[in-house]
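**Student:** The amino acid sequence is not available; the structure is as follows:
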């Protein structure tokens with residue numbers, strides 16, 4: 001029962017965060033009238049408030065966004081589709097020797113399959129010698 005309550009609390013937090021983000025984006029990207037700006041700021045305050053009861057917040061979110069859960073799901077699916085497309089189209093290109101030398105990162109070329117790494121390590125077993 002406890003895990004279920006945590007799930008719903010997390011889901012509510014995501015829904016509230018999404019609605020607040022949409023309102024903030026609307027304020028930044030669009031040119032709201034002073035009345036619209038005031039309403040959006042008031043809605044953000046209401047949604048972030050600890051004292052406002054949950055049913056009132058849900059009612060406000062529904063009146064502002066309609067079926068906000070479906071919109072969240074559609075946005076999530078679109079982001080996932082974009083990530084999959086980006087992952088499929090990504091190409092890894094080997095870096096030239098000059099670039100590796102200029103970079104401060106350590107870059108090691110991959111070994112071919114079947115080839116063994118040759119390190120300057122003696123064949124004897126390593127042991128700490130504290131005495």
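**Tutor:** Perfect, I can see it now. Just so it is clear, the model here is predicted, and its values are computed rather than measured.
**Student:** Report the separation between residue 85 and residue 71.
**Tutor:** For residue 85, the distance to residue 71 under the criterion Cβ to Cβ, to the nearest Å works out to 21 Å. C-betas here are computed from N, CA, C, even on glycine.
**Student:** These two: which is more packed in?
**Tutor:** Just comparing residue 85 and residue 71: by other Cβ atoms under 10 Å the higher neighbour count belongs to residue 71, 14 against 10.
**Student:** Quick one: low-confidence residue ranges for this structure.
**Tutor:** Applying pLDDT under 70 to the chain flags residues 1-3, 100, 103-124, 126, 131.
**Student:** what residue is smack in the middle of the protein?
**Tutor:** Closest residue to the average C-alpha location of the chain: residue 79 at 10.2 Å, with Cα atoms, centre = their mean.
**Student:** biggest helix in the protein by residues?
**Tutor:** Taking DSSP state H as the assignment, the helix of the chain that covers the most residues is helix 2-29.
**Student:** what's the neighbour count on residue 76?
**Tutor:** Applying other Cβ under 10 Å, we find 12 other residues in the vicinity of residue 76.
**Student:** repeat for residue 26
**Tutor:** Residue 26: 14 surrounding residues under other Cβ under 10 Å.
**Student:** How about the contacts made by it?
**Tutor:** The neighbourhood of residue 26, defined by Cβ atoms under 8 Å, 6 or more residues apart in numbering, consists of 32, 40.
**Student:** quick one: contacts for the residue nearest to residue 37 when sequence neighbours are not counted?
**Tutor:** Leaving aside its sequence neighbours, residue 37 sits nearest to residue 27 (Cβ to Cβ, 6 or more residues apart in numbering; 6.4 Å). Contact analysis of residue 27 by Cβ under 8 Å, 6+ apart lists 37, 40, 41.
**Student:** circling back to that earlier point, enumerate the positions of the longest helix of the chain that are buried.
**Tutor:** In terms of neighbour count (16 or more other Cβ atoms under 10 Å), helix 2-29 has its buried residues at 15, 16, 18, 19, 20, 22, 23.
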